[in-house]
Every structure is written in structure tokens, then in C-alpha cells.
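K.L.:
The sequence and its predicted three-dimensional model are supplied below.
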Amino acid sequence: MFKYVLKNIDLLQESKEEILTLWMHYDIVQNRLTRNSINIDFFKSKFASKVFDFAISVIKHENKTGNCPVIGVMLMLFKKKNIPLSDVFIICVHLKNALLHFAYKNSILNHDTIKELSMLMDYNFEGVIIEYVSLYYQDNHPQNNNMEIKKFKENTIKQESLTSAEIYLQEVHIDMEIIEELNELESDTLNALDSCENLDQNSLDESSNLFKKYATVLNTIYEFEELAYTLTLLSDMLRQVGFDTLDEETKYMVEIYLKAIVSDLRAWRVSIFTTKEAEDIHYLDKTLLSSIAQIQMTLMPQNSDKEKEEVEFF
């Protein structure tokens, strides 16, 4: 699908920092991020970098468009901060502009690369808009009877068939020793968090390592690769936290969220593999994305007064 862009994949990968800098340096992108109290450097390192990596993986046929957990976390963060869809669009569309700008600058822009880069970004933008509209209306208009909104949702939001735990377990064989290992990992994580009065560097490192191990186990079970990838994102995020820069309130909130995530994982495991009562084996996916987004918000640095003044002036 991306055979012409694939010819230049090495150049794109080697120029990642340049392309990300182009994306973040558009005045309108800086304005939309800053006016929504999102630190530009934070967004670049925590989201933009990983979205770029995912786009590269799609070009290399390692992933499919519109199936990026990083974007899921990003949209959860945007929703929690009540960012308008128009701002979400402006921020995202300028990655496409940055890629086209870079391709032109490096003399690889032609009819074929324009078509493929546009297809890559447009399909992902479609998924972003569909997901964001779904998140927004689900939480903010649960009882909305407006027919135009209903029609829009019906025509745009992809409804996937749900797989119950009972049906899933009838179709696959699960090694229960693996499930027992998940149980042990949950207990180890909670013990690490409970072993000290307040969150410390050791318990944070232990949590990161254990979430990574949990993800490794889930990767061996058919159907849960996406959940495993999301847990890997959480593990990586915790590993990158500058613990010494956190105040006591932030440490307390991060500890609360981590314990909530472990509790969610335990409830999910039981409802899937023990009681088999879950109506959707993927019900935890969005909850986990939301929890990670909440931790991201807690850890997000504040914009400087200078940045705020520039936005107000604009």
C-alpha cells in the first residue's frame, strides 16, 4: 500500500527529530497546544514521538492505520481537558503537513508519495475524529435525542461486534498457569506500592517492571496484544518519570491511579478467565487508556507565564 514511501523509509526514520520539530514549530500547533494548557515539549516527547513511530510501523506493514494505543491515550487526555475537536484536528493535521514539507525539502515529493502520505495521514485522522466524537458524545450527551447527532454517530462511529468471555474461552485453549502468573504479578505490584508509606523511586520502578511483565504474559494470549501494548506504554511512561521533580500531592495521586489500574486488571482477569461473565473481553481497553491519560495529566508540566501571555496576545 505504501510502496513508494517505503523506498524512503530509512530517510524518514533517520529524520524523525527534524520532522517532529517541523510539526511542533508550526505557530498554530503551538497556539492550540498552549491555549489548552498542554506543554509543547511534553506533548512532543510523550505523544508526537510515539505517533510518528506508529506511522512508520504502518508504512512498514507492521500495524494497521487507526489502531494506535498512543493515539487512544492522547485522545483520552484531550477529552479530559475538554479540548475542542477543531483543535484536535489542527494539531493532528500538521503532522501530515510536516511530512509533506520534509518530503519536498528532500526532493522525494512526487505524485505517488503525495498520494501515499496523504492516504496514511487521512485514514489515521478519520480514526482520530471517529474516536474523539465517540468519546465526547458518550460522556457529554448520554441522553441526547438530536436526530442529526444520532445520524452522524451511526454513519461514522464503527460498531465492532463484541466477544464475550464465555464464547472466547470456548474457541481457544488457555494455559491456566499463565493466568496464575497474572495473579502473582498483580499481587507483586500491589505489594510494591503498599510496602512504603508514600510512593518512592523503588516502588515506581517495581510498578514499571511488573506492568511490563504483565504485558509480556498477555502478548502470549491471542486477542490481547493491544492491551499488552497499552501496558507497555504505561511501563515506559513510569520508567521516564523524573521522580525527584514530583511534589507530594503528585506522588500521592500517581500512587492512587496505579493501585486503581492494578485493581482494574485483577477485576478484568477474574471476569474473563474465572467467572467468565464479561460481555466484552476488550472492555478494559478504554478504561486503561483513560487511567494512563489521567496519570499523564497529573505528571504534565505547567506552561510558563511567558507562553500563556503569548497565547492571550494571539
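P.N.:
Sure, I can see it.
K.L.:
show me where pLDDT drops low in the stretch 201-314 of the chain?
P.N.:
301-314 (pLDDT under 70).
K.L.:
now the helices for it?
P.N.:
In the stretch 201-314 of the chain, the helices defined using DSSP state H, counting those that start in this stretch lie at 201-218, 225-239, 248-269, 284-299, 305-313.
K.L.:
Where does pLDDT dip in the stretch 1-150 of the chain?
P.N.:
Where the stretch 1-150 of the chain drops into low confidence, which here means pLDDT under 70, it does so at 66-69, 136-150.
K.L.:
residue boundaries of the strands in it?
P.N.:
In the stretch 1-150 of the chain, no segments count as strands under DSSP state E, counting those that start in this stretch.
K.L.:
could you pull out the helices for it?
P.N.:
Listed in chain order, the helices of the stretch 1-150 of the chain (DSSP H, counting those that start in this stretch) span residues 3-6, 9-14, 16-25, 27-35, 40-43, 49-59, 69-80, 85-105, 111-140, 147-156.
K.L.:
In CSV: the helices of the stretch 201-314 of the chain, plus distance to residue 127 and mean neighbour count.
P.N.:
Quick note: C-beta positions are derived from backbone N, CA and C, even for glycine. Converted to CSV, the helices of the stretch 201-314 of the chain look like this (distance: least, Cβ to Cβ, whole Å; neighbours: other Cβ atoms under 10 Å):
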stretch, distance to residue 127, mean neighbour count
helix 201-218, 23, 19
helix 225-239, 14, 20
helix 248-269, 24, 17
helix 284-299, 14, 20
helix 305-313, 29, 12
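K.L.:
Looking at the helices of the stretch 1-150 of the chain, spot the one closest to residue 294.
P.N.:
Using Cβ to Cβ as the criterion, the shortest distance between residue 294 and these is 6.8 Å, found for helix 69-80.
K.L.:
As a markdown table, the helices of the stretch 201-314 of the chain with distance to residue 94 would be great.
P.N.:
Putting those into a markdown table (distance: least, Cβ to Cβ, whole Å) gives the following:
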| stretch | distance to residue 94 |
| --- | --- |
| helix 201-218 | 31 |
| helix 225-239 | 23 |
| helix 248-269 | 30 |
| helix 284-299 | 21 |
| helix 305-313 | 17 |
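K.L.:
who wins for proximity to residue 25 among those helices?
P.N.:
Closest approach to residue 25 among the helices of the stretch 201-314 of the chain is made by helix 305-313 (14.1 Å; Cβ to Cβ).
K.L.:
Quick check, residue 106 in contact with residue 11.
P.N.:
Yes: in terms of Cβ atoms under 8 Å, residue 106 counts as a neighbour of residue 11; the distance is 6.6 Å.
K.L.:
Spatially, what comes nearest to residue 231 if we skip its sequence neighbours?
P.N.:
On the basis of Cβ to Cβ, 6 or more residues apart in numbering, the spatially nearest residue to residue 231 that is not a chain neighbour turns out to be residue 215, at 3.9 Å.
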